[in-house]
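1. I would like the atomic coordinates for the input below:
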Amino acid sequence: MNNAAYPIPVLNLALSFIPCLVVIVIYIRWALKAQTVVLALIRMVIQLILVGFALNAIFLQENVFVISMVVLVMLAISAWIALRPLAESRKVLYRKTLMALLLGGVPVLLLVTKCVIHLDPWYFSRFMIPLAGMIFANNMNSVSLCAERFFSERQRGVDYVQARNAAYNAALLPLLNSLFAVGLVSLPGMMTGQILSGVSPLSAVRYQIVVMSMLFGSSGICAAAYLFLNRK
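-> Numbers count the residues shown, from 1 in each chain. Okay, here's the model as predicted:
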């Protein structure tokens, strides 16, 4: 068997949407907003196609300014999306959310790229951009859960400390579940991708340990920073 990743034909790719169609049917039958799901799927496809072309161009340049701008744009967008559950307060909370993601994400990204895997150059795009994407995406989800729970608790009249603790637990619960389940229930995306590409499973495990530690640590720092910045 060829160790290279299988090139997926377009028809086979279309088959992967069958489970999504089942979910859309459930949304329709239960009178939920199916258009939100359809829009999200369409955006996902368009965004990934566009980013595929963009990454091809970026990987050819290896320009530190371009790569830094890409990381900053990813950071800004993730802060905006993180506040989707609190859309009415988005403009008020955006600056604090951006600062929280910056404090928790960027130092961890630099630690991993410069000290753990020793990229040369440190901005090597084939590592820097995917790692930044993983960090900011997970931090975005954690801050989103944190913000929504914290707002709900404060709306109920709960004091800051209790609301903070409840929100922090909620923010890290998905990642804690992932830590317990990894290797037993799931083989995470990066590890699976490396194995499919022919990398030794033991080598892939080391990278996955780095990734899991990176995501948990950065998300925890981001959520804590968000709660600290909103203590008043």
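2. What score does Ser197 have for pLDDT?
-> Among the per-residue scores, Ser197 holds a pLDDT of 68.
3. Could you point out the helix or strand that follows the lowest-mean-pLDDT helix or strand in the chain?
-> Ranking every helix and strand in the chain by mean pLDDT, DSSP states H and E puts helix 189-196 at the bottom, with a mean of 67. Proceeding C-terminally, helix 189-196 gives way to helix 201-229 as the next helix or strand, assigned by DSSP states H and E.
4. helices or strands up against that following helix?
-> For helix 201-229, the elements it packs on are helix 90-110, helix 125-155, helix 160-181, helix 189-196, judged by 3 or more Cβ pairs under 8 Å, 6 or more residues apart in numbering; DSSP states H and E. Glycine gets a C-beta too; all of them are placed from N, C-alpha and C.
5. Highest mean neighbour count out of these?
-> helix 125-155 (a mean of 21; mean count of other Cβ atoms under 10 Å).
6. Return the list of helices and strands in contact with that one.
-> For helix 125-155, the elements it packs on are helix 34-61, helix 64-82, helix 90-110, helix 160-181, helix 201-229, judged by 3+ Cβ pairs under 8 Å, 6+ apart.
7. Can you tell me which of these is nearest to Ala137?
-> helix 64-82 (6.7 Å; Cβ to Cβ).
8. ok, now how distant is the residue nearest the centre of the chain from Val25?
-> Within the chain, the residue whose C-alpha comes closest to the C-alpha centroid is Ala137; the distance, by Cα atoms, centre = their mean, is 1.8 Å. When Cβ to Cβ, to the nearest Å is applied, the distance between Ala137 and Val25 equals 28 Å.
9. what does Glu62 give?
-> Shown here: Glu62 relative to Val25, a distance of 46 Å by Cβ to Cβ.
10. Any stretches of this protein with poor pLDDT?
-> Applying pLDDT under 70 to the chain flags the ranges 1-6, 184-193, 195-198.
11. domain ranges for it?
-> 6-61, 64-229 (automatic domain parsing).
12. Figure out how far the shortest one is from the centre of its chain.
-> Translated: domain 6-61. Computed by Cα atoms, centre = their mean, to the nearest Å, the chain-centroid distance of domain 6-61 equals 17 Å.
13. Export the helices and strands packed on helix 125-155 as JSON lines, with columns for distance to Ile8.
-> Supplementary listing: those in JSON lines, determined by distance: least, Cβ to Cβ, whole Å:
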{"stretch": "helix 34-61", "distance to Ile8": "13"}
{"stretch": "helix 64-82", "distance to Ile8": "25"}
{"stretch": "helix 90-110", "distance to Ile8": "30"}
{"stretch": "helix 160-181", "distance to Ile8": "26"}
{"stretch": "helix 201-229", "distance to Ile8": "21"}
